[in-house]
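following is a predicted model, sequence given first.
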Amino acid sequence: MLNLTQSRYSEWWRRSTVYQVYPKSFKDTTGNGTGDIRGLTEKLDYLQELGIDIVWLQPVYVSPQYDNGYDVADYENINPDFGTMEDFDELIEELHRRGMKLMTDIVVNHTSTEHEWFKQSISGKDNPYRNYYIWKDPAPGGGLPNNWQSKFGGPAWQFDEASGQYYLTLFDKTQADLNWENAEVRRAVSDMMLFWARKGVDGFRMDVINLISKDQQFPNDDGSIPPGDGRKFYTDGPRVHEYIKDMYEEVFGPFEMVTVGEMSSTTLAHCIRYSNPEEREFSMTFNFHHLKVDYPGGRKWELMPYDFEALKRLFSEWQTGMQQGGGWNALFFNNHDQPRALSRFTDDDVYREESAKLLATTLHGLQGTPYVYQGEEIGMPNPKWKGIEEFRDIESLNMYRILQEQGKSPEAALSILQERSRDNSRTPMQWDDSPNAGFTSGTPWLKVDERYPDINVQKELERPDSILHHYRKLIALRKEHAVFIEGVFRRLDEGHPEVFAYARTGIGETLVVVSNFSSKEISFRFADKHWADLSQAGTDKLLTGNTADAPALTQELQLSPYASYMWLTTSNT
């Protein structure tokens with residue numbers, strides 16, 4: 001059982017809900033087609049009414065924007081496309097005035113090649129900044145230092161003709177990996193985080209932070225562990241926990257910050273260490289295993305129906321494992337790097353409203369801190385893409401070329417992008433039914449989904465039974481009932497092909513969640529061993545559901561398509 005009295009640091013954010021803002025697509029106040037900081041400030045009342053405690057603002061630093069801000073060229077200044085430092089200060093002030101907190105992105109596995117550090121580094125081998133990045137000589141026979149692959153496609157090394165050496169780029173070729181073995185790099189990163197903490201930032205989301213420690217031998221990947229792209233030599237690397245503990249001691253702990261680590265291809269054991277308060281590292285962690293259940297053989301750029309049993313198993317393993325180990329999950333179905341879960345796992349058409357509420361109910365009952373990605377609270381689906389010219393994401397454009405080089409037709413490559421592209425989640429936020437969904441008075445940087453006249457915030461606010469109001473209720477419930485924080489997870493569906501059912505058992509109360517992830521009307525029966533426990537709990541109350549029905553908690557339930565219910569049982573003793 002988690003000890004919730006350990007400290008303020010390890011407590012307050014457990015009852016919180018985080019709202020993720022992709023600033024480029026949230027709200028434009030200037031008419032230039034790109035969202036900005038003042039647009040977020042303008043919508044803080046909306047987020048407060050939704051019940052949000054923490055706003056996660058994605059990168060607004062100076063950047064050439066090859067990777068939408070995750071290629072940082074200056075960590076301590078605001079990109080003029082998003083506004084000014086005064087706008088940022090106003091945002092913090094207005095958030096704090098409403099009792100809300102700000103979490104910002106910190107991207108320190110790599111910088112843009114336009115960062116001054118890299119410009120100095122590439123200027124010559126004798127430059128003091130040379131060792132800020134990872135430079136290697138060619139292999140003994142010439143060519144790449146090793147066979148590691150970029151996560152955006154192609155080799156992870158870029159050649160510098162002037163020096164005859166290669167530098168490491170695990171992501172885009174314009175994102176050079178920092179050398180964390182260099183104590184000066186660690187000091188510079190710490191100073192940068194202190195700069196933002198002193199300005200009043202309340203927390204950090206640490207981008208791909210478990211990749212910062214590399215195997216210093218930089219060996220070739222023999223392919224014995226799929227996908228054989230080198231990740232086993234830099235994922236959860238040899239010194240990563242040491243580096244994070246240093247960050248905690250210097251920044252996170254003294255400023256009582258809420259922190260979340262984005263963990264690429266990580267393990268449960270590492271995430272327990274990253275997020276157990278006794279380890280003094282992060283508040284919580286993101287893992288992505290549950291979002292690979294539609295990757296055949298782990299291959300993102302191939303299509304298959306998602307494996308529902310794998311989805312449930314992964315959620316259950318991480319729920320049980322993190323709780324037993326004292327870790328804490330960051331709960332999410334959606335973010336800026338993933339297609340919309342509504343289109344991916346459920347029905348974004350006939351049963352769009354039921355499906356959106358089902359995903360929310362299923363997620364918000366789990367152990368961890370829920371994250372709401374902009375637009376999911378109104379049921380935004382993947383947009384309808386008509387051609388490659390509508391895409392902007394650098395990863396998607398790279399893969400469109402690579403897929404054709406691998407033999408796929410342009411039509412086949414486009415169909416894969418339509419399902420997999422990160423641009424699916426990056427279309428502008430749909431505020432109302434005015435032109436461009438009320439996002440901008442100009443030309444939006446990325447297309448607005450054509451269904452916005454029917455799917456927008458204004459329409460959702462007007463309907464008391466809307467998806468938006470369902471989110472408001474779920475967010476409020478976790479503040480009212482300790483079982484959301486303390487309850488021990490137990491899976492209840494016994495591998496049912498359409499249903500995910502689980503319980504969270506606390507002191508004197510149990511939360512029960514049952515969700516039908518299918519378009520069929522089905523009958524679901526709790527196994528006798530589970531029902532024996534649930535029926536002895538005492539009285540039950542339906543906390544929320546996504547249909548007009550208000551069923552009691554019984555051993556056998558009739559579930560309409562995409563029906564989802566959450567009950568609270570309380571002991572009579």
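Received the coordinates, thanks. Numbering: from 1, shown residues only.

name the helices or strands packed onto the helix or strand containing Leu47?
Assigned by DSSP states H and E, Leu47 belongs to helix 44-50. With contacts taken as 3 or more C-beta pairs under 8 Å, 6 or more residues apart in numbering; DSSP states H and E, helix 44-50 sits against helix 467-480. Where C-beta positions appear, they are placed from N, C-alpha and C, glycine not excepted.

just checking, what packs against the helix or strand just after the helix it packs on?
Moving toward the C-terminus from helix 467-480, the next helix or strand (DSSP H and E) is helix 483-486. Contact analysis of helix 483-486 by 3+ C-beta pairs under 8 Å, 6+ apart lists helix 467-480, strand 499-505, strand 509-516 as its packing neighbours.

so the longest one versus strand 509-516, what angle?
Translated: helix 467-480. Helix 467-480 and strand 509-516 meet at an angle of 160 degrees, taking axes from the mean of the first three to the mean of the last three C-alpha atoms, to 10 degrees as the criterion.

ok now helix 467-480, how far from the chain's centre?
20 Å (C-alpha atoms, centre = their mean, to the nearest Å).

rewinding a little: which one of the helices and strands packed on helix 483-486 lies nearest to Pro254?
With respect to Pro254, and counting by C-beta to C-beta, the nearest of these is helix 467-480 at 27.4 Å.

thinking again about what came up before, nearest to Pro277, of the helices and strands packed on helix 483-486?
So among the helices and strands packed on helix 483-486, helix 467-480 is nearest, using C-beta to C-beta, at 19.3 Å.

could you list the buried residues of the closest one?
For helix 467-480, the neighbour count (16 or more other C-beta atoms under 10 Å) marks Ile467, Leu468, His469, His470, Tyr471, Arg472, Lys473, Leu474, Ile475, Leu477, Arg478 as buried.

mind putting those residues in CSV, distance to Gln323 and pLDDT included?
Output for the buried residues of helix 467-480, formatted as CSV (distance: C-beta to C-beta, whole Å; pLDDT from 0 to 100):
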residue, distance to Gln323, pLDDT
Ile467, 29, 98
Leu468, 30, 98
His469, 30, 98
His470, 26, 98
Tyr471, 24, 98
Arg472, 27, 98
Lys473, 25, 98
Leu474, 20, 98
Ile475, 21, 98
Leu477, 19, 96
Arg478, 16, 94
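
point out where this protein drops to low pLDDT.
The model of the chain has pLDDT under 70 over residues 1-10, 537, 572-573.

so what's Phe489 bridging to?
Taking DSSP bridges as the rule, Phe489 bridges to Arg504.

next, count neighbours for it.
If you count neighbours by other C-beta atoms under 10 Å, Phe489 ends up with 21.

so who does Pro155 touch?
Applying C-beta atoms under 8 Å, 6 or more residues apart in numbering to Pro155 gives the contacts Leu144, Asn147, Trp148, Gln149.

which one of those has the most neighbours?
Most neighbours among these, by other C-beta under 10 Å: Trp148, with 23 neighbours.

how far away is the closest residue to that one other than its chain neighbours from Ile244?
Nearest non-adjacent residue to Trp148, counting by C-beta to C-beta, 6 or more residues apart in numbering: Gly230, 3.0 Å away. From Gly230 across to Ile244, the span is 22 Å (C-beta to C-beta, to the nearest Å).

count the neighbours of the residue lying closest to His110 once chain neighbours are set aside for me.
In space, and not counting its chain neighbours, His110 is closest to Gln175: 4.3 Å by C-beta to C-beta, 6+ apart. The tally of other residues near Gln175 (other C-beta under 10 Å) stands at 27.

so what's Gln175 up against?
Tyr66, Asp67, Tyr70, Asp71, His110, Thr111, Ser112, Thr113, Thr169.

what's the neighbour count on the closest residue to Gly83 other than its chain neighbours?
The shortest distance from Gly83 to any non-neighbouring residue, by C-beta to C-beta, 6+ apart, is to Ile37 (4.1 Å). By the criterion of other C-beta under 10 Å, Ile37 has 26 neighbours.

surely Ile37 meets Met85?
No: contact status for Ile37 versus Met85: not in contact, 9.6 Å apart, counting by C-beta atoms under 8 Å.

any shared contact partners between these two?
Residues touching both Ile37 and Met85 by C-beta under 8 Å, 6+ apart: Ile78.

could I get the buried residues of helix 467-480 as JSON lines with distance to Ala552?
As requested, these are exported to JSON lines (distance: C-beta to C-beta, whole Å):
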{"residue": "Ile467", "distance to Ala552": "25"}
{"residue": "Leu468", "distance to Ala552": "27"}
{"residue": "His469", "distance to Ala552": "23"}
{"residue": "His470", "distance to Ala552": "20"}
{"residue": "Tyr471", "distance to Ala552": "25"}
{"residue": "Arg472", "distance to Ala552": "24"}
{"residue": "Lys473", "distance to Ala552": "19"}
{"residue": "Leu474", "distance to Ala552": "20"}
{"residue": "Ile475", "distance to Ala552": "25"}
{"residue": "Leu477", "distance to Ala552": "19"}
{"residue": "Arg478", "distance to Ala552": "23"}
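
of these, closest to Asn335?
Distances from Asn335 to these, taken as C-beta to C-beta, are shortest for Tyr471 (16.1 Å).

which residues does that closest one contact?
Residues in contact with Tyr471 (C-beta under 8 Å, 6+ apart) are Leu50, Gly51, Ala360, Val372, Glu377.

on that earlier part again, distance to Leu417 for the helices and strands packed on helix 483-486 - can I get that in CSV?
Listed next are those as CSV, based on distance: least, C-beta to C-beta, whole Å:
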stretch, distance to Leu417
helix 467-480, 27
strand 499-505, 29
strand 509-516, 29
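
which among the ones you listed is found nearest to Glu389?
Of those, nearest to Glu389 by C-beta to C-beta is helix 467-480, at 31.3 Å.

now the closest one - C-alpha only, PDB.
Output in PDB follows, covering the C-alpha atoms of helix 467-480 (Å, rounded to 0.1, in the frame of the first residue of the first chain):
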ATOM      1  CA  ILE A 467     -18.200  14.000 -23.500                       C
ATOM      2  CA  LEU A 468     -16.700  17.200 -21.900                       C
ATOM      3  CA  HIS A 469     -19.000  17.000 -18.900                       C
ATOM      4  CA  HIS A 470     -18.200  13.300 -18.500                       C
ATOM      5  CA  TYR A 471     -14.500  14.300 -18.200                       C
ATOM      6  CA  ARG A 472     -15.400  17.000 -15.700                       C
ATOM      7  CA  LYS A 473     -17.100  14.400 -13.500                       C
ATOM      8  CA  LEU A 474     -14.300  11.900 -13.700                       C
ATOM      9  CA  ILE A 475     -11.700  14.600 -12.800                       C
ATOM     10  CA  ALA A 476     -13.900  15.600  -9.800                       C
ATOM     11  CA  LEU A 477     -14.400  12.100  -8.600                       C
ATOM     12  CA  ARG A 478     -10.700  11.400  -8.000                       C
ATOM     13  CA  LYS A 479     -10.500  14.300  -5.700                       C
ATOM     14  CA  GLU A 480     -13.500  13.000  -3.700                       C
END
